[in-house]
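> Show me how the following folds:
(one chain, ligands or ions: 1)
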Amino acid sequence: MSEQNLTSVLKEERVFAPPPPFSLQAGIGSMEQYQALCDEAKQDPEAFWARQAGELLDWIQPWDTVLDWEAPFAKWFEGGKLNLSANCLDRHLANWRRNKAALIWEGEPGDSRTLTYQQLHYEVCRFTNVLKKLGVVKGDRVAIYMPMIPELAIAMLACARMGAVHNIVFGGFSAESLRDRIDDAQAKMVVTADGGWRRGQIVPLKDMVDQAIDGLNCVQQVVMVKRTGQQVAFHPGRDHWWHDIIDCVDANAVPEPLDSEHPLFILYTSGTTGKPKGVVHSTAGYLLGATYSSKLVFDLKDTDTYWCTADIGWITGHSYVVYGLLSNGATTLMYEGAPNYPEADRFWKIIDKHRVSIFYTAPTAIRAFIKWGEKWPLRHDLSSLRLLGTVGEPINPEAWIWYHSVIGKNRCPIVDTWWQTETGAMMIAPLPGATPLKPGTATLPLPGIFPEVVDREGKPVGANEGGYLVITHPWPSMLRTVYGDPERYVQNYWTRYPGLYFTGDGARRDADGYFWIMGRVDDVLNVSGHRLGTMEVESALVSHEAVAEAAVVGKPDEIRGESVVAFVTLESSYTASEELKDTLRQHVVKEIGAIARPEDLIFTDALPKTRSGKIMRRLLRDIAAGKQATGDTSTLEDASILDKLRDA
Ligand code: WT7
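Numbering: from 1, shown residues only. I've put the predicted structure just below:
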C-alpha cells in the first residue's frame, strides 16, 4: 500500500454515468434496481441466494438447507444434487440454443473452430467416457496442463460431468511447479498436448509433463492432444493420443447427480509461504457465483460475442472463459496465443473479425497496448464492442481513460472487477447499466456480498480512511478449504479477524461507498495481474547451491504493475558475476516459471535484518524502487548494510 497510490486515487474525481442507451437495454438499468437487490440480500442473505440458486441453476434434487455455517467452514445448498456440465450444456439443448455457438476458438497460427452447444456437448460426453475408460472415478483428481485449445474446456467439463476434480495448471508454469501441484493433489491422470503455440514458438508441454511425473506414483495415465505436431516421447500403457482414444468410446454419458458440496476443482495459488495453496471450490456454490456475476456484471444477451483474454489456467479463465458463460448460454471466445503475434494488433483483429461485443482483459495488457501505440487499434473496426472489463490489479486512471476512449470510443462502460482465486467469482464490480463509474475503482459490492474496510483491530474505518479489506458474511462461491490442509485455510483467511474473511488487500472506501483497492498488504506480489509469493521465489533461489540467503520484493513496473527484485547473498565459495546472475534467473524460471524471473538481481554481503533476525522487506522495497529508505531504521541490526545495498 503506497502513499503515492493513495494520493493519486484521491485526486480522481471524474464520474462516468452509464450511457442511457446502455441502461435502457440492461438487465439492471438503474441504481434503484441495484439498491433493491442489495436491500433484499441484506434483509435475508440466505433467502436471497436461495432465490438466485432456484432461478439460475437446474437442480436434479432440491436442497434442504441453504447455508450450514460452522465458521469458518461453509456448506451451501446441502441435500441438493445437480450437475455442472448439465447446467452448462444439456439444458441449452432443450431449446433454440442447441445450434448457437458455445465456443469460438482461434489458434495463434490463425486456425479456428466453432463448437455449437450441441457439438460441445457431444465432445464432452465422449471425453467423459474416455476418463471412465481409463479408470478415473468420481472424486479422483485429474491434472490438466494444456494450451488454450477447445480440448481444455472439453476436459474440464468432462471432469465436472462425472465428478472428477480438475486441477488445471497454467501452461506457463515449469515442470517443477507442475510436479508439486500434481503431487499435492495426488492426480491420477494428466491431460495435456504435445505442445502449444506462443509467439510462433512451440511450448513443449508434453516434455514438461514427462519431467514432472517422472517417479511420481500417483499418475497412471496421460492423455495428449496433437496440437503442434513435433516428435514427443510416448510411453505405451501410460500415454494416449486424444484423437485415438476418443474414437474408442461412444457419446452417451449421463450427467452424474452430484452433491452441492462435491468438490469441483482445485486451483493452486500463491500465498505467504513457499508452498502454493490448493484452493478448493464446490459444485453448486461456485457455479452459482460464476453464473450470477456473469449475468449481472456482463449484462449478457443472447446476441453477445464475449471474449475474456485470460488463460483458463487462472481462476479468471475458469469462471469467465468457461463456466459462468456457458451456464448462461452465452457465446464465449477463446484465443490460444500472444497479443502481439504476428503483430501488435492481434486482439483488435480478433474483435473485428468475430464482432466481439464484450471484452474482458487485464490492466497490464492495457498498459502494453498503450505503449505499442494507438495506431494498432485504429486499424480495426471496433464498433461491435458494447462493454469492456478489467481484472487482476487496480487500474491506473490514465490506463482506464485510454481504454475508455481509444477502445470503447467513449461509448462502452468499463467494469473493473475485484475478486480473487479464493472468492471464485466477482465480489466488487459495477453493474454497467446502473453504476456511475470512477476510473480506478471496482466501485460497489454485488448484491449479496458484504465487504468492509477495517483497522488493525477489525473495526470498520470511516470514509476515505485506509484499512484492510474483509468480507463479513459467507458467500456461495467462497473457497471451502485449502486442499489437504484445513488448518492453513483457517490460519490464512480467518485468524487475523475472527469471523471475518481476510482478503490480504488494503483498501479505502470513499464517501459514496466505492471501494478503492490499494494492493496486497502481505508478502504477495502482483506481477501482470498474477499472484506470486515472495517466499516462493526465495525458496526457489535458495534451492540453488550458490545461494546462502535471498530476499524478494516487488518494484513498481510500468507495464506489469510490479516486477520481481531479488537480493541474494552467496555461499562463500561462490563469487558474484553477471554469469551467475543469469544462472540464478534461469534457475527461478526452471523452478517456478517465466513469470517469476527476477528482473533485478542484486548480490549483497548481508540483508537488512532486525535484531531478532527478521528481514526488513520494507527497506528493501524502498531500495529496489530507488527511493531513500524511509521510516524507522532503529531496529536494524547493522545500519551500514543500507548504504552498501544502495551502492550495489
Ligand atoms: C488479487 C487476487 C481475480 C482474478 C485475477 C487475480 C488483485 C484482482 C482486482 C481489481 C484491484 C485487484 C487483488 C486480489 N485484484 N482484481 N479489479 N482491482 N485489485 O486473481 O491471483 O487470486 O489475485 O488480485 O490484490 O487480492 P488472484
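
> When you work out contacts or count neighbours from here on, use the C-alpha atoms and nothing else.
OK.

> does the helix or strand where residue 296 lies come close to the ligand?
With secondary structure defined by DSSP states H and E, residue 296 is part of helix 284-297. No: judged by Cα under 6 Å from any ligand atom, helix 284-297 and the ligand are separated, with a smallest distance of 11.9 Å.

> What's the first helix or strand after that helix?
strand 305-308.

> and the residue lying closest to residue 185 once chain neighbours are set aside, how many neighbours?
Distances taken as Cα to Cα, 6 or more residues apart in numbering put residue 141 closest to residue 185, at 6.6 Å, once the chain neighbours are dropped. Each residue near residue 141 was counted by other Cα atoms under 10 Å, and the total is 26.

> my read: residue 141 touches residue 190, true?
No: checked against Cα atoms under 8 Å, the pair residue 141 and residue 190 is beyond contact range at 9.1 Å.

> what residue ranges in the stretch 451-600 of the chain are flagged as low confidence?
Flagging of the stretch 451-600 of the chain using pLDDT under 70 yields an empty set of residue ranges.

> now the strands: where do they sit in it?
With DSSP state E, counting those that start in this stretch, the ranges of strands along the stretch 451-600 of the chain come out as 451-454, 466-471, 481-482, 501-509, 515-520, 524-527, 530-533, 547-557, 561-570, 600-603.

> Out of those, which is closest to residue 119?
Nearest to residue 119, of all the strands of the stretch 451-600 of the chain, is strand 530-533, at 33.0 Å by Cα to Cα.

> What pairs with that closest one, parallel or antiparallel?
Using DSSP bridges, the strands paired with strand 530-533 in its sheet are strand 524-527 (antiparallel).

> Among the strands of the stretch 451-600 of the chain, which comes closest to residue 121?
Closest to residue 121 of the strands of the stretch 451-600 of the chain is strand 481-482 (Cα to Cα; 30.7 Å).

> Which other helices and strands does the closest one contact?
With contacts taken as 3 or more Cα pairs under 8 Å, 6 or more residues apart in numbering; DSSP states H and E, strand 481-482 sits against strand 277-282, helix 486-494.

> That one near the ligand at all?
No: residues of strand 481-482 are not located near the ligand by Cα under 6 Å from any ligand atom, the shortest gap being 13.6 Å.

> Please apply the same query to stretch 274-283.
No: Stretch 274-283 does not reach the ligand (Cα under 6 Å from any ligand atom); its nearest approach is 9.8 Å.

> Within range of the ligand, give me the residues from the protein.
Applying Cα under 6 Å from any ligand atom, one finds that the chain approaches the ligand through 315-316, 391-394, 416-421, 442, 505, 517, 519-520, 529-531.

> Let me see the contact set for the residue of the stretch 201-350 of the chain at minimum distance from the ligand.
Nearest to the ligand in the stretch 201-350 of the chain, going by Cα to the nearest ligand atom, is residue 316, at a distance of 4.9 Å. Counting by Cα atoms under 8 Å, 6 or more residues apart in numbering, residue 316 touches 310, 421.

> pLDDT averaged over the lengthiest helix in the chain, what's the number?
Ranked by residue count and defined by DSSP state H, the top helix of the chain is helix 117-133. For helix 117-133, mean pLDDT rounds to 98.

> mind checking pLDDT for residue 370?
For residue 370, the pLDDT comes out at 96.

> Is it in a helix, a strand, or coil?
helix (DSSP: H, G, I helix; E, B strand; the rest coil).

> residues touching it, list them.
Contacts of residue 370 by Cα under 8 Å, 6+ apart are 399, 402.

> The spatially most central residue of the chain - nearest residue in space that isn't next to it in sequence?
Nearest residue to the geometric centre of the chain (Cα atoms, centre = their mean): residue 315, 3.3 Å. Nearest non-adjacent residue to residue 315, counting by Cα to Cα, 6+ apart: residue 421, 5.4 Å away.

> which secondary structure element contains that neighbour?
Assigned by DSSP H and E, residue 421 belongs to no helix or strand.

> That one touches residue 317, doesn't it?
No: Residue 421 is beyond contact range of residue 317, at 10.6 Å (criterion: Cα under 8 Å).

> Give me the more crowded residue out of these two.
Higher neighbour count among residue 421 and residue 317: residue 421, with 22 against 19, using other Cα under 10 Å.

> how near is the more buried one to residue 221?
As judged by Cα to Cα, to the nearest Å, residue 421 and residue 221 stand 28 Å apart.

> quick revisit: who's in contact with the residue nearest to residue 315?
Applying Cα under 8 Å, 6+ apart to residue 421 gives the contacts 267, 269, 279, 314-316.

> Could you list which of these belong to helices?
Among the contacts of residue 421, DSSP H puts 315-316 in helices.

> now for the contacts of residue 421, which pair is the farthest apart?
Greatest spacing in the contacts of residue 421, by Cα to Cα: 279 and 316 (13.8 Å).

> In this structure residue 261 contacts residue 284, no?
Yes: counting by Cα under 8 Å, residue 261 does reach residue 284; the two are 6.6 Å apart.

> which residues do those two both contact?
Common contact partners of residue 261 and residue 284 (Cα under 8 Å, 6+ apart): 76-77.

> Those two - which one has more neighbours?
residue 284 (29 against 21).

> you'd agree that one is up against residue 82?
Yes: using Cα under 8 Å, residue 284 is in contact with residue 82, at 7.3 Å.

> Just give me the neighbour total for residue 572.
Using other Cα under 10 Å, residue 572 has 10 other residues around it.

> can you give me the strands for the stretch 151-300 of the chain?
For the stretch 151-300 of the chain, the strands defined by DSSP E, counting those that start in this stretch cover 165-168, 189-193, 196-198, 201-203, 221-225, 239-241, 258-259, 263-269, 277-282.

> Residue 332: which of the ones you listed is closest?
Minimum separation from residue 332 across the strands of the stretch 151-300 of the chain (Cα to Cα) falls at strand 165-168, 19.1 Å.

> Show me where the chain dips below the pLDDT cut-off.
1-12, 629-631, 648.

> switch the cut-off to 90
The chain contains residues with pLDDT under 90 at 1-13, 271-275, 519, 522-523, 606, 608-619, 622-623, 625-648.

> Next one: residue 408 relative to residue 336, how far apart?
From residue 408 to residue 336 the distance is 24 Å (Cα to Cα).

> Ok, residue 149 next?
On the measure of Cα to Cα, residue 149 and residue 336 end up 6 Å apart.
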